[in-house]
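Enquirer: here are the coordinates; sequence isn't available:
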């Protein structure tokens, strides 16, 4: 353990920590857009600049290792004014439409602007600043390049996390944007629509389409759960609207390194949850009589099922799934052999 001083507060740190990670561990807020615990250090956004004693220039807190006896100010006039200028440059190309943005209330740029008292950009707008290129041809998520702050999080998570390498920076200066290879849209790229870029975007440049109008961020309760689509056991975050009780969105937590998927997911796990809110879901058992279904109680339905299985004991086959957990399949074969008296158990290894 080492000790340093941040904003007059003595903080402890371990070897390998940066100024930013040490500050966060001590409960000291330093804004950042490009930094994320699941990604390698980038140092791209520059709004985490801090003043370090005896250093002639400001240092990026996300990429500067903290050392013994270091004295740091994130709230000095020099650091705050520089940070304010960086945020104003970002707002030059970022539309101030927070009231209609899906990230309202959980946008890192909004938080930084509020903390710094920045209401608009003081720089003259460049003709190329707004390209108004909204891409929503796919059914999974929306890309609004006007809101992109070029933090590079989506590029890095696609490269290192998803390992699809579908997107990269394209262009130079004010005309820089995040696009598929050769300026192709996502439909023509190698994108598998896993949604990791959406989960890790700090602003509203990427938005889950199924979650539109599902509820504001402060109306949602985040519940950790397990993906129901296969037996891998990926952790998902279900966002439930506290007012309506309906599932509003499904995302992941890239900061939870104890989960089996560590924030990664497939397109089904993240986006194929519409059945949860479907009005066509059965909410009560149905029993068929004379070719027609009628509603029944659970006790009646279970008794009918048990009597039917008992009547056909020894002549029933059981078909399990390779997508179920080992425990589920184990129970299936025990039920088949010990209760139903049959060894006719199979499963589809090809899914």
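Expert: Received it, and whenever you're ready, just let me know what you need. Please read all numbers here as calculations on a predicted model, not as lab measurements.
Enquirer: neighbours around the closest residue in space to residue 70 that isn't next to it in sequence, how many?
Expert: Closest residue in space to residue 70, ignoring its immediate chain neighbours: residue 4 at 4.2 Å, by C-beta to C-beta, 6 or more residues apart in numbering. Where C-beta positions appear, they are placed from N, C-alpha and C, glycine not excepted. Neighbour count for residue 4, taken as other C-beta atoms under 10 Å: 22.
Enquirer: Next, residue 4: secondary structure please.
Expert: strand (DSSP: H, G, I helix; E, B strand; the rest coil).
Enquirer: Just want the most central residue of this structure.
Expert: residue 199 (2.1 Å; C-alpha atoms, centre = their mean).
Enquirer: Might one say that that one is in contact with residue 249?
Expert: No. Taking C-beta atoms under 8 Å as the definition, residue 199 is not a contact partner of residue 249, at 10.0 Å.
Enquirer: hang on, the earlier thing: check contacts around the residue nearest to residue 70.
Expert: 10-11, 13, 22, 66-72 (C-beta atoms under 8 Å, 6 or more residues apart in numbering).
Enquirer: Now do the closest residue in space to residue 179 that isn't next to it in sequence, the pLDDT please.
Expert: Using C-beta to C-beta, 6+ apart and skipping residues adjacent in sequence, the residue nearest residue 179 is residue 170, 4.3 Å away. For residue 170, the model assigns a pLDDT of 85.
Enquirer: does residue 170 really touch residue 178, like I thought?
Expert: Yes. The criterion here is C-beta under 8 Å, and residue 170 meets it with residue 178 at 7.2 Å.
Enquirer: Between those two, which has more neighbouring residues?
Expert: residue 178 (22 against 15).
Enquirer: Next, residue 10: phi, psi?
Expert: Backbone torsions of residue 10, given as degrees, to the nearest 10, read phi -80, psi 130.
Enquirer: what are the bridge partners for it, then?
Expert: Beta-bridge pairing of residue 10, defined through DSSP bridges, involves residue 5.
Enquirer: where do the strands sit along the stretch 251-351 of the chain?
Expert: 286-289, 292-295, 318-321, 345-348 (DSSP state E, counting those that start in this stretch).
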